[in-house]
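S.K.: mind folding the following:
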Amino acid sequence: MSTDVRQQLVNLLTVRQAHMIFEDAVQNFPAAHINTRPPNVEYTFWHLLEHLRICQWDILDYCRNPNYKELKFPDDLWPAKDALTDEAGWQKTIDQFLADRAEFVALVQNPETDLHAAIPHGYDGHTIFREVLVVADHNAYHIGELGILRQVIGAW
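M.R.: Here you go, the predicted model:
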């Protein structure tokens, strides 16, 4: 596998290219708004952040765990609608998201990882390559959403 392809996948997860990255979206986020529900939105900023974390972790688990158990959508992929957090919980979500993303990066950078081999316990020939694209796509979607919602409430 070309190291260039591996690096491009890592960049897709971690580098500001065609869109903002996770760190941009959460930088200097006002603590007073972590439990705010933006207008016409059923979830809080923390719910959205926690959804990003859970989904990324779930896909990482899918890639690595031969005993993987699929999470139930949407219940297992979002916090409870009435769940709240504090600044420590907000930071814990951020820290875990970054740690899991670093694990994804390590998986991609590992020359022993065959990015195009079917995940042995996976579905329909899913590969690590595919899963990185899914994570990057999902993250980009919701990171953009987080940025737009910050703009809506004037939290930049």
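S.K.: lowest-confidence helix or strand of the protein?
M.R.: helix 3-14 (a mean of 94; mean pLDDT, DSSP states H and E).
S.K.: buried ones in the longest helix belonging to the chain?
M.R.: For the chain, the helix that runs over the most residues, judged by DSSP state H, is helix 128-152. By 16 or more other C-beta atoms under 10 Å, the buried positions in helix 128-152 come out as 128-132, 135-136, 139-140, 142-143, 145-147, 149-150. Backbone N, C-alpha and C define where each C-beta goes, glycine included.
S.K.: other SSEs contacting the least confident helix or strand of the chain?
M.R.: Under the contact definition 3 or more C-beta pairs under 8 Å, 6 or more residues apart in numbering; DSSP states H and E, helix 3-14 sits against helix 87-109, helix 128-152.
S.K.: how about a cut-off of 10 Å?
M.R.: For helix 3-14, the packing partners by 3 or more C-beta pairs under 10 Å, 6 or more residues apart in numbering; DSSP states H and E come out as helix 22-26, helix 87-109, helix 128-152.
S.K.: turn those helices into JSON lines, including distance to L13.
M.R.: Listed next are the helices and strands packed on helix 3-14 as JSON lines, based on distance: least, C-beta to C-beta, whole Å:
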{"stretch": "helix 22-26", "distance to L13": "9"}
{"stretch": "helix 87-109", "distance to L13": "6"}
{"stretch": "helix 128-152", "distance to L13": "6"}
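S.K.: that older thread, now the angle between helix 87-109 and the least confident helix or strand of the chain, please.
M.R.: Interaxial angle of helix 3-14 relative to helix 87-109 (axes from the mean of the first three to the mean of the last three C-alpha atoms, to 10 degrees): 170 degrees.
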